[in-house]
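**Q** Could you look at this predicted model? Sequence included:
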There are 2 protein chains.
Amino acid sequence: MYPDPTTVTRVCSIGAGPIGGGWTAHFLARGYDVTAYIHSLAEVPALMSVIDTAWISLTALGLAPGAARDRLRITTDLADAVKDAQFIQESAPERLDIKQALYRQLGELVSPDVVIASSTSGLMMTQIQALCPTPQRTVIGHPFNPPYLLPLVEVVGGKTTEQAAVDWAVAFYTVAGKAPLAMKKEIPGFVATRLQEALWREALHMVANGEATPDDIDNALMNGPAARLMVQGQCMAFHVACGEGGMATNLDQFGPALKWPWTRLEAPELTQDLRDRMVDGCNEIAAGRHFEELAAKRDREIVAVTRALRDARSA
Amino acid sequence: MYPDPTTVTRVCSIGAGPIGGGWTAHFLARGYDVTAYIHSLAEVPALMSVIDTAWISLTALGLAPGAARDRLRITTDLADAVKDAQFIQESAPERLDIKQALYRQLGELVSPDVVIASSTSGLMMTQIQALCPTPQRTVIGHPFNPPYLLPLVEVVGGKTTEQAAVDWAVAFYTVAGKAPLAMKKEIPGFVATRLQEALWREALHMVANGEATPDDIDNALMNGPAARLMVQGQCMAFHVACGEGGMATNLDQFGPALKWPWTRLEAPELTQDLRDRMVDGCNEIAAGRHFEELAAKRDREIVAVTRALRDARSA
């Protein structure tokens, strides 16, 4: 029913803000014909400004063959915007009433074999698709800001989304140069934003209590975990740091510390089941590689990004 | 009373594990004479292995003039280890009884004008220094793993530490090529580990609830916020993403969303005082630079680290 993702050449990007414009720039850089739907022609300068900015970075990272900014068409006519599109990325304002009205229209205008993805960071697809006559092909495709630079796209459907649409979106985003994450459940905040939100709430608590300033928070993150998180997520960071014992050692040794009054986040019960899921999950990621190999890879990559940042700042 | 930090040439590093060995390698790479105190000669191979591994990265990042691995001396005699040291970095096992006994000895053996810093991640200096006869010069100097690569060192004193010792440690770590963070208060977990712990608890909740796997968590972090966190902390990420309005817009617009049931961390009350501290803090970091300038810098630097990581992985 859905087309082969590798045959897609024409996409529609809805929205003229930093997210919509960022998506437009990304798709142009990956060699697609892009139609941008905007609410009013008054938004053209803002949209072009986002694309101008993004293009500098996208060019530096390397454009796809045939990629060109003049493959962009802008329209304020929704029917015209979507008529040839093989994929639609929606980045309308974060208001449920606006999104529901939009998906009601899109559900009629857009052929049901075209997947429609929403960039929303705060709404659930089950809510957004509620008034859409053809909701089975509507999914969340949540990027991270700036969307033309950070590869993550979190993908999940609503109650009436069909699994094939989620699978298609994951395959398409991969072809289109992103790093999609297919979520297991529809939860508010998805995965990355929930993690960021946990960190953010703790940061606000520390500032509220006079324990740190915003500058302290930022320096702690930039000079601490950031470089390692680029090359190794938190699970593998602990897995590799614990040597032979890996995540099992981490949880068995430091598990009790979870109950300490660090952070204002209530700790989960470290059940045998949770322990096993963490340990098994890390072993799957390691895929038989010894921790020393993983640590050496981590170090090579931290060196590379550290040198690159130093060079960029001294240039 | 304390020596000029730029005149320090001899340091003592206590501990043969990944943290103690990592510090030893770091100080050698920065051109210091280092005496490593280890508990037993049986630990020599482990210590040398850590240094061997670290040296690869430290060489790639650039050694200080005169830096050499043969400027390392290893001893199992504590009095001999500390006798000429102008600074002591302690990375003994994370047990309060061991640390207290050690600081009792160090407090007698080490001249009071020498600062002693503990790498502890879980204990407080007020506890560690309790039996030390000269506690005024004992501080926390908590690195991030791996300590030879990540620049952050969190510095804070205990109840009987004098401020001059904290100030000296901050100055010395800066001279020694680290990025010290002088903490406002002695709190468990310091700043960076608390932030990491908030994120980690939320990650464990998600895995426990079947909302994400460890692989999902790691991919979300690596492909999402990590590259941005390398070049911009979370406060400035929000400040710059909100354009002209900056952090004020972020808090005034998204503040209510803090109360949403995202994450299991109870949100702080967003009082006027907290709002102002966040806004003022971000404006101080921005130091008059326009958000577009900051966003362009962010983008240049994300491009640089992204290219570097891609190159490192394809090499």
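**A** Arrived safely. Remember, it's a predicted structure, so these values are computed and weren't measured experimentally.
**Q** From now on I want contacts and neighbour counts done on CA atoms only, so please keep to that.
**A** Fine.
**Q** For the stretch 1-150 of chain A, what lies in contact range of chain B?
**A** The stretch 1-150 of chain A comes close to chain B at residues A:Thr53, A:Ser57, A:Ala60, A:Leu61, A:Phe144, A:Asn145, A:Leu149, A:Leu150, as judged by CA under 8 Å from any CA of the partner chain.
**Q** so which helix or strand takes in the first one?
**A** Secondary structure assigned from DSSP states H and E places A:Thr53 in helix A:44-61.
**Q** tell me the two of the residues of the stretch 1-150 of chain A next to chain B that are most distant?
**A** Spanning the widest gap among those are A:Ala60 and A:Phe144, at 19.4 Å by CA to CA.
**Q** Comparing the two, which shows the higher neighbour count?
**A** Counted by other CA atoms under 10 Å in any protein chain shown, A:Ala60 and A:Phe144 do not tie: A:Phe144 has more neighbours, with 22 against 12.
**Q** one step back: mind putting the residues of the stretch 1-150 of chain A next to chain B into CSV with pLDDT?
**A** Output for these, formatted as CSV (pLDDT from 0 to 100):
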residue, pLDDT
A:Thr53, 89
A:Ser57, 90
A:Ala60, 89
A:Leu61, 88
A:Phe144, 90
A:Asn145, 87
A:Leu149, 90
A:Leu150, 91
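**Q** List only buried entries from those.
**A** Buried members of the residues of the stretch 1-150 of chain A next to chain B, counted by 16 or more other CA atoms under 10 Å in any protein chain shown: A:Thr53, A:Ser57, A:Leu61, A:Phe144, A:Asn145, A:Leu149, A:Leu150.
**Q** Any stretches of chain A with poor pLDDT?
**A** Along chain A, segments meeting pLDDT under 70 span A:260-268.
**Q** make it 50
**A** When residues are selected by pLDDT under 50, none of them lie in chain A.
**Q** And the strands in it?
**A** A:10-14, A:33-37, A:72-75, A:87-90, A:115-118, A:138-143, A:152-157, A:179-182 (DSSP state E).
**Q** Provide the strand pairings for the third one, with the direction of each partner.
**A** Taking DSSP bridges as the criterion, strand A:72-75 sits next to strand A:33-37 (parallel) in its sheet.
**Q** what's the strand it pairs with in contact with?
**A** For strand A:33-37, contacts defined as CA atoms under 8 Å, 6 or more residues apart in numbering or on different chains pick out A:9-16, A:24, A:27-28, A:71-78, A:81-82, A:85.
**Q** Report the buried residues of stretch A:158-174.
**A** Buried residues in stretch A:158-174, counting neighbours by 16+ other CA under 10 Å, are found at A:Gly158, A:Thr160, A:Thr161, A:Ala165, A:Val166, A:Trp168, A:Ala169, A:Val170, A:Ala171, A:Phe172, A:Tyr173, A:Thr174.
**Q** And stretch A:3-20, by the same measure?
**A** Residues of stretch A:3-20 classed as buried: A:5, A:8-20 (neighbour count, 16+ other CA under 10 Å).
**Q** A:Met236 against A:Cys282, yeah?
**A** Yes: with contact defined as CA atoms under 8 Å, A:Met236 counts as touching A:Cys282 (6.3 Å).
**Q** anything in contact with each of the two?
**A** Counting by CA under 8 Å, 6+ apart, the shared contacts of A:Met236 and A:Cys282 are A:Met247.
**Q** in stretch A:68-88, what counts as buried?
**A** A:68-69, A:72, A:74-75, A:78, A:81-82, A:84-88.
**Q** CA atoms only: put that stretch into PDB for me.
**A** Extracted C-alpha coordinates of stretch A:68-88, given in PDB (Å, rounded to 0.1, in the frame of the first residue of the first chain):
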ATOM      1  CA  ALA A  68      19.400  22.400  -4.600                       C
ATOM      2  CA  ARG A  69      17.700  25.200  -2.900                       C
ATOM      3  CA  ASP A  70      15.700  26.000  -6.000                       C
ATOM      4  CA  ARG A  71      13.900  22.700  -5.700                       C
ATOM      5  CA  LEU A  72      11.800  24.500  -3.100                       C
ATOM      6  CA  ARG A  73       8.200  25.600  -3.900                       C
ATOM      7  CA  ILE A  74       6.300  27.700  -1.400                       C
ATOM      8  CA  THR A  75       2.500  27.900  -1.300                       C
ATOM      9  CA  THR A  76      -0.300  29.000   1.000                       C
ATOM     10  CA  ASP A  77      -2.800  26.600  -0.600                       C
ATOM     11  CA  LEU A  78      -2.900  23.400   1.400                       C
ATOM     12  CA  ALA A  79      -4.500  21.300  -1.400                       C
ATOM     13  CA  ASP A  80      -1.900  22.500  -3.800                       C
ATOM     14  CA  ALA A  81       0.900  21.900  -1.300                       C
ATOM     15  CA  VAL A  82       0.100  18.200  -0.700                       C
ATOM     16  CA  LYS A  83      -1.200  17.200  -4.200                       C
ATOM     17  CA  ASP A  84       2.000  15.500  -5.400                       C
ATOM     18  CA  ALA A  85       3.600  14.800  -2.100                       C
ATOM     19  CA  GLN A  86       4.800  11.300  -1.300                       C
ATOM     20  CA  PHE A  87       5.400  12.200   2.400                       C
ATOM     21  CA  ILE A  88       4.200  15.000   4.600                       C
END
